Every structure is written in C-alpha cells, then in structure tokens.
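**Student:** Below is the sequence, then the predicted model.
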Amino acid sequence: MKVLVAVKRVVDFNVKVRVKADGTGVETANVKMSMNPFDEIGVEEAVRLKEGGKATEVIAVSLGPTQCQETIRTALAMGADRGIHVKTDVELQPLAVAKLLKAVVDKEQPQLCILGKQAIDDDANQTGQMLSALLGWSQATFASKLVINGDGTANVTREVDGGLETIQVKLPLVMTTDLRLNEPRYASLPNIMKAKKKPIEQVTPEALGIDPAPRLKTLKVVEPPKRKAGVKVKSVAELVEKLRNEAKVI
Amino acid sequence: MTNLVLVEHDNSAVKSATLHAVAAAQKIGGEIHLLVAGQNCRAVADEAAKIAGVSKVLLADDAAYASRLAENTAKLIVGLAPSYSHVLAATTAMGKNVMPRAAALLDVQQISDISGVESADTFVRTIYAGNAVATVQSADKVKVITVRPTAFEAAAATGGSAAIENVAAAGETGLATFVGQELSKSERPELTSARIVISGGRGMQSGDNFHMLEKVADKLNAAVGASRAAVDAGFVPNDYQVGQTGKIVAPELYIAVGISGAIQHLAGMKDSKVIVAINKDEDAPIFQVADCGLVADLFQAVPELESRLAA
C-alpha cells in the first residue's frame, strides 16, 4: 500500500506573527518557517505504517514556492521515501490544494492520504475533507488512532466534541490527523544526510491541468483588538472578593 | 436570498451551537431554513422549528444520517444547496467534518469559522491563531460557511413556529460505518457553552491533580478545560483542549491555572469576558491578557479558592 502525506510549509508555531502595515497580510519574510505540526504527525503515522509492514512506500507532497522543498526534505529525513513538489507562487487556498492533490493522487494511486487536520496559518481545516470529496473516497478527520484491517477497511478513532468516536471506513481513505495520533520523531543526523539523496519530483499546476487561482479575495488583514493586562492580586481572598463584588461573575 | 443552516444535534435535542449559527444567518439576512439530518429525530425538528427567525425546517430522517457521517451528510447538503445563497453550520466537530466535503463537491471555497458578517458576501475570520483578523470576500454562487459560535450572540431558542417539511434522503454512500463512541461523562456544563471555565495546564503536573479543578468547577457550575500542553502530557483527554487547535471558548469567567499562555492557547480563550490567571511564574505571558492575576503556587491557591467559594 502506497501512502501519500501532504506537508505544508508554515510560519513556525513559536513565531509571533506581525500584520503588515499595508493590511495585505502577515509578514512572512525573514520569519522562521517549519512543517505544519499536524502534518508532522501525518508523516510520522505514514512512516510507522511502513515500519509496521502495512505500507510499502511513503510519498511526501508539498505545494507552493521553491522553499517547500525544505519541508519535503524534513519529511524525507523522518522516513518518507520520495517527494513531489507542486511548484507555484500563486496563493493557494484549500480548494485549489485539494484539486492539485487529487491530480497527484490520480497519478500515484495511493490507498491512503494523510493530511494534518488544520494548518496553523490559515486555520481553515478543509483540505483533507475536500480531497476526500473530490476523490469520492472515505473520510476520517481528526484521527487519534488508525488500525488498518486486512479486508480493505480501516478503523479510525476520531476526536469529536464530546469525546471519541470510532468509524470503520473502506480504503482508499483520506485521513486527517489530530494531536494524539502519535508523537512525531526527530530526524537523526544520518537520516537527514540520507534524505538529501532521496528524489524530489517537481511538477506545476499547469502540468497537472489545474487552475490554482484563489477564490476568496482578502480585502484586508488587521491586528486583533488588544486585551489590556489587568491587575495582580496578592491573595486568593482578594481574588474571590474581586470576582464576587467587582466583576460580579461568581 | 435564503440561508440553510445545518442543525447540530444528537437525534434527541438541538445543540446550542446551532443557535449561534442561526444568529450569523440572521446577520447575513434573508430567509432562514434549517436542515435536520438524523434518524428518529422528529423531536429535534420540532425543537428547531421554534427557533426565532426560522421559516422552514427540512427534516431528513434516515438511517444514513444516524451518526451524521460526513460522506452521507455532505451528499444530502449538495443536493439541497443549489436552492440557497448560503449554507452554514457551527464550527463544531460535525460542522468541520461535513461542510468542507460539501463545499468541494459544490466547487466552492468554504469560509471557515467566521467571527463577523460584513455583508452577504464578505466575512471576517481570524488567522494565525487569532493573531491576525482577515476580511474576505467570496464570489462563489453558494457561500459555504462555518460559524464560530462564541462570536455571535445565540438566537432565541423559542418564539418561532416554522413549518417542518420532510426531504428525501440522498442515499447511503457505503463508504463508512459508525462503530461506536466513548463520550466523556460529566455532569458539568459543556466546555463551549459554559458560563465559567476553569482550565489547567502543564503546571498541574498530573491528570490526578485535575480533581482539584473539578472541585472548584463543581462549586461554580463551571466546565473544566485544559491547555494543549496538558493534553500533550496525557493529563486529560483531547476534548478538554482549549486553543487554536482545540475548542474556542468565551465564557463570562475563564480561570487559567498553571497555564503559561502560549499563543495557541490564547487563541482559544482571549475573548472571555473576565480572565483570571493563577501561575507561580510572574513572567508567564498569560498575565498579559489576564484581568486578574495571582502569582502563587497552584497547589495551595486552588484548594484555598475552593474553600473560599464554599463560604
């Protein structure tokens, strides 16, 4: 079974982003970029499937500018076998990403696609569901456990609002990862060196026959309203007094 | 202009998140129809018909929708969507699961988790964990939208008298089956709709120590939440998580205990009315957003808080 994982290059989760003065977006020049944390979980799950003998090959796909190759290298260093870079400088929105990924899937014919549930930049939480829809495959979002059964099905435990839900789905499957699915490994130095030799194929949206133009127009991006720091209290007694008599919330 | 709002329910009652999605539809304007997809869920449709401002409830009562599997539910929505200008759902596990699937089938770029309505085609949503606020405009024929419940005042649950109309099921895709669920059992209010939330972070040191928070929660009729760090550390299940990648809450009172205040946690709670932080590190970033901060060892402060609430 081939497994395809999508990896997005995003502003590192530790960076406090700044809104551009002209209100067109956030500053991404000279900012540390990393693989989207949920996608790391996706790569880890795919690599574990391979180590467990369930998967034969793990392909890491990233879409965007040249630097996405670094993100693919990270996935290769974690254990993915090869990479595909869909190179474009166009702003990609989830529907376009799903269409591009579908074109890659049509070519590669994996049985399982793993995506992060959400990218920490646009916070859209759409791409996996959209890819699944366009492929007409089963869908398992917010996965905290995956069991591949021998009969062409998989059981996926999902994080839902009230707790956990388990569904059985037919393969092929698009799954999106949640936090507790696994703990991603750190790539070892030898594996980082090895990853440099692994192949990355480059394709373009044009070659895939997809128009990636954005559908949503961003009119402006602004800073959120600032919350002012309040007061420090000295004791629990003072805290309770304030909440009871000043804020009147208890 | 007519809005279709997907009702969040458990086959017996309407979940309150629905009322916030209806409120967003009211801001958009035009007629509001609700879609109840479920099994043996007539009671839900009856309840939904009473929501203020709703003119029609569509009821799709079929085994295919018993547990709102994405494949079947999206297919149903896709069949109905062409008659609507907007299709909305609350940003819940169900809304997030179903709506993008429907949007892709409609060839629509969904607008996720909106926190404001500027006009019928222009919406406000946060990006980068709430560190930036984007205003976006959609040219798609049908707008597919998920609504951040905390950003819209709930529509009144009563006062309406909408007609209920049965709609035909769109068929079973056969792609997925529901196996079972393990829901956290709790007598406390739901995290996303509680008036008071008390959350613990890495500073709690263990899952057992969350009992201290539960005792306070019981006195305040509060829900218990957690930071991602506490979930990561295995102290509590993921459905406790408040933050960018967990639940977004905006209670009257939010008490953060042993939480440092990482960006991604603040994204989930900074719209709370009153924020209290208890942390032994006086430089913790949580104090920059707290209305009321107490620099103290939580293992002394929390039991004392509990005892003082009793008095």
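**Tutor:** In hand now; what should we look at? Numbering: from 1, shown residues only, chains lettered A, B, ... in the order given.
**Student:** Please, where are all the strands along the stretch 1-150 of chain B?
**Tutor:** All strands of the stretch 1-150 of chain B, identified by DSSP state E, counting those that start in this stretch, fall at B:2-6, B:31-38, B:56-61, B:86-90, B:111-119, B:122-127, B:132-138, B:143-147.
**Student:** Please produce a markdown table containing those, extended by mean pLDDT and distance to A:G152.
**Tutor:** Bear in mind the C-beta positions are built from the backbone N, C-alpha and C, glycine included. Putting these into a markdown table (pLDDT from 0 to 100; distance: least, CB to CB, whole Å) gives the following:
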| stretch | mean pLDDT | distance to A:G152 |
| --- | --- | --- |
| strand B:2-6 | 98 | 31 |
| strand B:31-38 | 98 | 28 |
| strand B:56-61 | 98 | 29 |
| strand B:86-90 | 98 | 31 |
| strand B:111-119 | 98 | 32 |
| strand B:122-127 | 98 | 39 |
| strand B:132-138 | 98 | 39 |
| strand B:143-147 | 98 | 32 |
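**Student:** how close does the most centrally placed residue in chain B get to B:V147?
**Tutor:** Among the residues of chain B, B:T92 comes closest to the average C-alpha position under CA atoms, centre = their mean, at 4.5 Å. Distance of B:T92 to B:V147, computed by CB to CB, to the nearest Å: 10 Å.
**Student:** any idea of the pLDDT on A:G152?
**Tutor:** At A:G152, the pLDDT value in this model is 97.
**Student:** Same question for A:I250.
**Tutor:** You'll see A:I250 listed with a pLDDT of 89.
**Student:** Also B:A311?
**Tutor:** Per-residue confidence (pLDDT) for B:A311: 57.
**Student:** what's the neighbour count on B:A139?
**Tutor:** For B:A139, the tally of surrounding residues (other CB atoms under 10 Å in any protein chain shown) stands at 10.
**Student:** cool, and A:Q202?
**Tutor:** 13.
**Student:** can you pull up the bridge partners for it?
**Tutor:** Residues found in beta-bridge contact with A:Q202 (criterion: DSSP bridges) are A:H85.
**Student:** separation between it and A:K102?
**Tutor:** As for A:Q202, its distance to A:K102 is 18 Å (criterion: CB to CB).
**Student:** Please apply the same query to A:A6.
**Tutor:** Counting by CB to CB, the gap from A:A6 to A:K102 is 11 Å.
**Student:** neighbour count winner among those two?
**Tutor:** Comparing A:A6 with A:K102 by other CB under 10 Å, the one with more neighbours is A:A6, at 32 against 22.
**Student:** How about the contacts made by that one?
**Tutor:** A:A6 makes contacts with A:39, A:42, A:60-63, A:97, A:101, A:113-116, A:127, as judged by CB atoms under 8 Å, 6 or more residues apart in numbering or on different chains.
**Student:** For it, which non-adjacent residue is spatially closest?
**Tutor:** In space, and not counting its chain neighbours, A:A6 is closest to A:L115: 4.7 Å by CB to CB, 6 or more residues apart in numbering or on different chains.
**Student:** go on, B:Q288?
**Tutor:** For B:Q288, the spatially nearest residue (CB to CB, 6+ apart) is A:A229, at 5.0 Å.
**Student:** Retrieve the pLDDT associated with the one you found.
**Tutor:** The predicted local confidence for A:A229 comes out at a pLDDT of 76.
**Student:** Help me confirm that it is found in a helix?
**Tutor:** No. Under DSSP: H, G, I helix; E, B strand; the rest coil, A:A229 sits outside any helix and is assigned coil.
**Student:** Dihedrals phi and psi, it?
**Tutor:** Backbone geometry at A:A229, expressed as degrees, to the nearest 10, gives phi -70, psi 140.
**Student:** so how far is chain A from B:D61?
**Tutor:** Look at B:D61 and chain A: by CB to the nearest CB, to the nearest Å, they are 21 Å apart.
**Student:** quick one: that residue and B:A43 touch, right?
**Tutor:** No. Because the distance of 10.8 Å does not satisfy CB atoms under 8 Å, B:D61 is recorded as not touching B:A43.
**Student:** who has more neighbours, the two?
**Tutor:** B:D61 (20 against 15).
**Student:** Tell me which stretches of the stretch 151-300 of chain B form helices.
**Tutor:** For the stretch 151-300 of chain B, helices defined by DSSP state H, counting those that start in this stretch occupy the ranges B:210-220, B:228-232, B:263-269, B:298-310.
**Student:** Keeping just the C-alphas, turn the second one into PDB.
**Tutor:** In other words, helix B:228-232. Presented in PDB, the C-alpha positions along helix B:228-232 are these (Å, rounded to 0.1, in the frame of the first residue of the first chain):
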ATOM      1  CA  ARG B 228      -2.600  21.700  24.700                       C
ATOM      2  CA  ALA B 229       0.400  21.100  26.900                       C
ATOM      3  CA  ALA B 230      -1.700  19.300  29.400                       C
ATOM      4  CA  VAL B 231      -3.300  17.200  26.700                       C
ATOM      5  CA  ASP B 232       0.100  16.500  25.100                       C
END
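**Student:** Return the set of buried residues in that helix.
**Tutor:** Using 16 or more other CB atoms under 10 Å in any protein chain shown as the test for burial, helix B:228-232 gives B:R228, B:A229, B:A230, B:V231.
**Student:** Does anything pack onto the lengthiest strand in chain A? Which helices or strands?
**Tutor:** Once chain A is assigned using DSSP state E, the strand that runs over the most residues is strand A:138-148. Contacts defined by 3 or more CB pairs under 8 Å, 6 or more residues apart in numbering or on different chains; DSSP states H and E place strand A:138-148 against helix A:37-51, helix A:127-135, strand A:153-160, strand A:163-170, strand A:173-177, helix B:70-80, helix B:93-105, strand B:176-183.
**Student:** Adjacent strands (with direction) for the fourth one?
**Tutor:** Looking at strand A:163-170 with DSSP bridges, its partner strands are strand A:153-160 (antiparallel), strand B:176-183 (antiparallel).
**Student:** do the same with the fifth one
**Tutor:** The strands beside strand A:173-177 in its sheet (DSSP bridges) come out as strand A:112-116 (parallel), strand A:138-148 (parallel).
**Student:** Among the ones you listed, show me which one is buried the most.
**Tutor:** Here the criterion is mean neighbour count by mean count of other CB atoms under 10 Å in any protein chain shown, and of the strands paired with strand A:173-177 the winner is strand A:112-116, at a mean of 28.
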